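Novice: have a look at this prediction, sequence included:
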Amino acid sequence: MAGATLACMLPFLNLWLHVLAAVIWIGGMLFLSLVAVPVLRQVDSPLLRADLFRKMARRFRRLVWICIAVLILTGIVNVAYYGNTAPGSPYLKVLGIKLGLVAVLVALGVTHDFIIGPRAARAQSRDGLPPTGTDLLMVQLAPWVGRLNLLLGVIILVLAAALTRSH
């Protein structure tokens with residue numbers, strides 16, 4: 001009896017974990033853009049401002065990649081348990097769009113976290129050396145890639161809600 005109850009709860013727990021990972025990821029991006037960045041703009045010292053943002057971003061980045069792993073694993077289980085994968089189903093169409101946007105989001109995240117972000121940080125802390133033109137471009141590009149990631153994340157959340165209605 002207890003085993004059957006647990007087996008019935010596992011899909012729900014998987015879905016809950018999927019939603020929790022999405023909330024942490026998207027909520028964290030919203031916090032950074034709507035709270036942390038505006039507050040940091042009020043910090044007078046550019047070096048302190050950059051250092052604080054870098055520390056927050058590094059800590060959040062680790063959390064984001066954990067959330068991505070959880071989202072991928074739990075997403076596979078969700079599709080297997082809840083998905084209507086019959087050819088031509090509305091569910092499958094929405095899922096395809098959602099997964100395409102997730103792929104773009106992950107690719108942008110990798111680019112931002114491992115190429116653009118480090119180059120932007122280097123431009124702001126070159127130990128007295130002038131930053132290169134590419135470094136300055138990365139400084140300008142970094143916030144736009146972050147904003148695009150946030151927009152894609154919100155669209156993906158809307159598509160996730162649509163998936164629950166498209167069985």
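Specialist: Yep, that arrived. Numbers count the residues shown, from 1 in each chain.
Novice: C-alpha from now on. contacts and neighbour counts both.
Specialist: Fine.
Novice: and F53, what is it in contact with?
Specialist: Residues in contact with F53 (CA atoms under 8 Å, 6 or more residues apart in numbering) are 37, 40.
Novice: one more time with 10 Å
Specialist: 32, 36-37, 40, 47, 59, 121 (CA atoms under 10 Å, 6 or more residues apart in numbering).
Novice: what's the spacing between it and P38?
Specialist: To P38, F53 is 11 Å away according to CA to CA, to the nearest Å.
Novice: from T74, how far off is the residue most central in space within the chain?
Specialist: The centroid of the chain falls nearest to W25 when counting by CA atoms, centre = their mean (5.0 Å). Plainly put, W25 is 15 Å away from T74 if you go by CA to CA.
Novice: related to what we said a few turns ago, shared neighbours of F53 and P38, anything?
Specialist: L32.
Novice: what's the closest of the contacts of F53 to V145?
Specialist: Within the contacts of F53, the smallest distance to V145 is 13.4 Å, found for L32 (CA to CA).
Novice: distance of the closest one relative to K98?
Specialist: Distance from L32 to K98, by CA to CA: 24 Å.
Novice: between those two, who's got more neighbours?
Specialist: K98 (22 against 19; other CA atoms under 10 Å).
Novice: hmm, that one is touching G75, no?
Specialist: No: look at K98 against G75 with CA atoms under 10 Å: they stay out of range, at 11.1 Å.
Novice: show me where this protein has strands.
Specialist: Secondary structure of the chain (DSSP state E): no strands present.
Novice: check what contacts the lowest-mean-pLDDT helix or strand in it and list those residues.
Specialist: Within the chain, no helix or strand scores below helix 117-124, which has a mean of 78 by mean pLDDT, DSSP states H and E. Under the contact criterion CA under 10 Å, 6+ apart, helix 117-124 has outside partners 46-47, 50-51, 53-54, 57-58, 109-113, 116, 129-143, 145-146.
Novice: from the residues you listed, list just the buried residues.
Specialist: Buried subset of the contacts of helix 117-124 (neighbour count, 16 or more other CA atoms under 10 Å): 50, 53, 57, 109, 112-113, 116, 131, 135-136, 138-139, 142, 145-146.
Novice: and which of the residues you listed is nearest to C67?
Specialist: Of the buried ones among the contacts of helix 117-124, the one sitting nearest to C67 (CA to CA) turns out to be G109, at 12.4 Å.
Novice: tell me who's in contact with the closest one.
Specialist: Taking CA under 10 Å, 6+ apart, we find G109 in contact with 61, 64-65, 103, 115-117, 145-146, 148-149.
Novice: give me the pLDDT value at it.
Specialist: We note a pLDDT of 90 for G109 in this prediction.
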